[in-house]
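Q: Next one to model:
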Amino acid sequence: MKTFAPLFGAIALLASPATAKSDSPPSPERREPVVILVSIDGFRADYLDRGITPNLSTLAASGISAAMRPSFPSKTFPNHWALVTGKVPDRNGIVANGFEDPAHPGEKFTMASDEPYWWDEAEPIWVTAEKAGIHTATMFWPGSNVAWGGTLVKQPWKTVSGGIRPRDWQQFNGAVSPMQRVDAVLDWLRRPASNRPKFVTLYFDQVDTAGHRHGPDDAQTNAAITDVDGDIGKLVAGLRELGQPANLIVVADHGMAAVSSDRVIALDTVADPSLYKLGEAGPFAALTPTEGDDEKLAVALVRPHEHMQCWRKQDIPARLHYGRNPRIAPFFCLAEPGWQIAATSPDKASNGGSHGYDNAAPEMAALFVANGPAFAPRGKLGSFDNVDVAPLLRDLLHLPPATDGDGSDAPFRGALRSPTKR
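A: Modelled structure (predicted):
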């Protein structure tokens, strides 16, 4: 696969000097750098060490990279929202991929939910930017299709009044190929300066899909890693052809651990199913006791178990920063990496991959690579929390620091060139 030159050196093109000839071509446009945030779902940090990612590896070597800690729980939607809000899931409101809210009885959040009230506990970076007059565009980022801050009206049909979205956004559609996604971003950047976005997001899901189906160490997962690296190369080449300087930040939401049907904890062997309602399950399980059965469920769950720990929500270890939000179920169980929690024992053999485990587990570490005119080539950084990405984005977009976030731009200060560095 062709390896592309470093992004900040390859596309920061200068206009040619003017000449006295009247028939000389006009000088090319001096484009200001844009900020592009790319998510490769499920790209474990050490995938970068496999020798199959020439484009990402080149960007990392001539920019900065790190094994980034996801927020807990290490699931897709909570972490995509943490990356763009700078708040952990306990504070950003997206506490899992599926959950209920006591304020909205009878309803359940799913990865298709676009009602503003699910998302309004934390403001995403594109809303902050749009409020400041910065043109934003999002290609499939979770939550970017939501009219943030709007009011849902369900009668006589579901409508949303008001709210803020990116100026350009696309509803997720898995049938849209990775190359079509890249082309859409490049098309946005071909616009004249007056209508060109200054902040763009891009999302790829093929590595996560392969990791779930085949496991993190399978040849088909490696093929997906190689393919997405090629998509990154096409993005970089397209930016170069446009003469568009870009500060490119490539992240993942979480890593991936190998799982097997031989490593399953069946909840019905731990507690009588009549005692609880099971929410999301897998690497962790969220349980709500049936009425009057709180103490019975506590006796069954809050005791030593092989390969699993369970707590009342208020007793979840403080280092996980999880358990204060009312959307978190009253009881929470967490499996060891590689184990899964299920309602019953599996009825057929299977292998694959999963995530949602302790965010300190090495298997959950996520990709971070940044390259562009704002970044000095500092190489590999120490690990940091993914809520630090939002403060970095604020620096790059010249937005003021958040006053109530959970992250900091401190991990990047030694790598940011002036005047971006504050």
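
Q: Now do the helices in this structure.
A: Taking DSSP state H as the test, the helices found in the chain are 7-10, 54-61, 76-85, 89-92, 116-119, 125-131, 178-189, 206-214, 219-242, 294-301, 389-396.

Q: which one of the ones you listed lies closest to Phe332?
A: Checking those against Phe332 by Cβ to Cβ gives helix 294-301 as the closest, at 9.1 Å. Where you see a C-beta, it was placed from the backbone N, CA and C, and this is true even at glycine.

Q: Which secondary structure elements does the closest one sit against?
A: Judged by 3 or more Cβ pairs under 8 Å, 6 or more residues apart in numbering; DSSP states H and E, helix 294-301 is in contact with strand 284-289, strand 331-335.

Q: Any buried residues in it, and which?
A: Neighbour counts using 16 or more other Cβ atoms under 10 Å place 294, 296-298, 300-301 of helix 294-301 among the buried residues.

Q: residues near Gly230, how many?
A: For Gly230, the neighbour count with other Cβ atoms under 10 Å is 18.

Q: looking at it, it is touching Asn55, isn't it?
A: Yes: with contact defined as Cβ atoms under 8 Å, Gly230 reaches Asn55; the gap is 7.1 Å.

Q: Do me a favour and average the pLDDT over stretch 124-137.
A: Taken as a whole, stretch 124-137 has an average pLDDT of 98.

Q: buried residues in that stretch?
A: So for stretch 124-137, counting by 16+ other Cβ under 10 Å, buried means 124-130, 134-137.

Q: And this protein, what are its domain boundaries?
A: Domain ranges of the chain: 7-11+30-256+359-412, 262-349, per automatic domain parsing.

Q: now Val389, nearest residue through space, not along the chain?
A: Residue nearest to Val389 in three dimensions, not counting chain neighbours: Leu83, with 5.0 Å by Cβ to Cβ, 6 or more residues apart in numbering.

Q: Quick one: end-to-end distance for stretch 182-200.
A: The stretch stretch 182-200 measures 11 Å between its terminal residues, going by Cα to Cα, to the nearest Å.

Q: Just give me the residue right at the centre of this protein.
A: Taking Cα atoms, centre = their mean, the centroid of the chain lies closest to His80, which sits 2.9 Å from it.

Q: in the protein, which segments are predicted with low confidence?
A: Within the chain, the segments meeting pLDDT under 70 span 1-28, 155-157, 419-422.

Q: Take the domains of the chain and lay them out in a markdown table including distance to Ser418.
A: Output for the domains of the chain, formatted as a markdown table (distance: least, Cβ to Cβ, whole Å):
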| stretch | distance to Ser418 |
| --- | --- |
| domain 7-11+30-256+359-412 | 10 |
| domain 262-349 | 33 |
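
Q: Ok, which of the helices and strands packed on helix 294-301 comes nearest Ala360?
A: Closest approach to Ala360 among these (Cβ to Cβ): strand 331-335, 11.7 Å.

Q: Contacts for that closest one next, please.
A: 265, 267, 276, 283-289, 297-298, 301-302, 305, 307-313, 316, 322-323, 341, 357-358 (Cβ atoms under 8 Å, 6 or more residues apart in numbering).

Q: at 7 Å instead, please
A: Outside strand 331-335, the residues within contact range by Cβ atoms under 7 Å, 6 or more residues apart in numbering are 265, 283-287, 289, 297, 301, 307-313, 316, 341, 357-358.

Q: Just the buried residues out of those residues, in ChimeraX syntax.
A: Selecting only the buried entries of those in ChimeraX, with 16+ other Cβ under 10 Å as the criterion:
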select :265,283,284,285,286,287,289,297,301,308,309,310,311,313,316,341,357,358
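
Q: one step back: for the residue nearest to Val389, give me its contacts.
A: Neighbouring residues of Leu83 by Cβ under 7 Å, 6+ apart: 251, 386, 389-390.

Q: Now distance to Pro73 too, for the residues you listed, in CSV please.
A: Putting these into CSV (distance: Cβ to Cβ, whole Å) gives the following:
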residue, distance to Pro73
Val251, 17
Asn386, 13
Val389, 18
Ala390, 19
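
Q: Spell out which two among those residues are the most distant pair, please.
A: Using Cβ to Cβ, the contacts of Leu83 span at most 11.1 Å, a distance reached by Val251 and Ala390.

Q: Between these two, which is the more surrounded one?
A: Under the neighbour definition other Cβ under 10 Å, Val251 and Ala390 were set side by side, and Ala390 has more, 27 against 23.

Q: Excluding chain neighbours, what is closest to that one?
A: Once flanking residues are discounted, Ala390 sits nearest to Gly86: 3.1 Å by Cβ to Cβ, 6+ apart.

Q: Now for the residue lying closest to Ala210 once chain neighbours are set aside: which residues touch it?
A: The shortest distance from Ala210 to any non-neighbouring residue, by Cβ to Cβ, 6+ apart, is to Ala224 (3.8 Å). For Ala224, the contact set (Cβ under 7 Å, 6+ apart) comprises 206-207, 210.

Q: how near is Ala224 to Leu202?
A: 16 Å (Cβ to Cβ, to the nearest Å).

Q: What of Asp114?
A: 20 Å.

Q: Please apply the same query to Asp120.
A: Distance from Asp120 to Leu202, counting by Cβ to Cβ: 24 Å.

Q: who's more crowded, those two?
A: The neighbour count for Asp120 versus Leu202, taken as other Cβ under 10 Å, is higher for Leu202 (24 against 14).

Q: quick revisit: of the contacts of Ala224, just say which sits nearest to Gly51.
A: Distance to Gly51, by Cβ to Cβ, is smallest for Val207 among the contacts of Ala224, at 16.0 Å.

Q: thought Asp227 was touching Gln206?
A: Yes: between Asp227 and Gln206 there is a contact at 6.3 Å, judged by Cβ atoms under 7 Å.

Q: and these two? which has more neighbours close in?
A: With neighbours defined as other Cβ under 10 Å, Asp227 and Gln206 compare such that Gln206 has more, 21 against 17.

Q: Can you give me the distance of the more buried one to Thr76?
A: Applying Cβ to Cβ, the value for Gln206 to Thr76 is 14 Å.

Q: Figure out which of the helices of the chain is closest to Val259.
A: helix 206-214 (9.1 Å).

Q: So what angle separates the directions of that closest one and helix 178-189?
A: Counting by axes from the mean of the first three to the mean of the last three Cα atoms, to 10 degrees, helix 206-214 lies at 160 degrees to helix 178-189.

Q: buried ones in helix 206-214?
A: Neighbour-count burial for helix 206-214 [16+ other Cβ under 10 Å]: 206-212, 214.

Q: Go through these and name the one nearest Trp148.
A: Taking Cβ to Cβ as the measure, Asp208 is the one of the buried residues of helix 206-214 closest to Trp148, at 24.7 Å.
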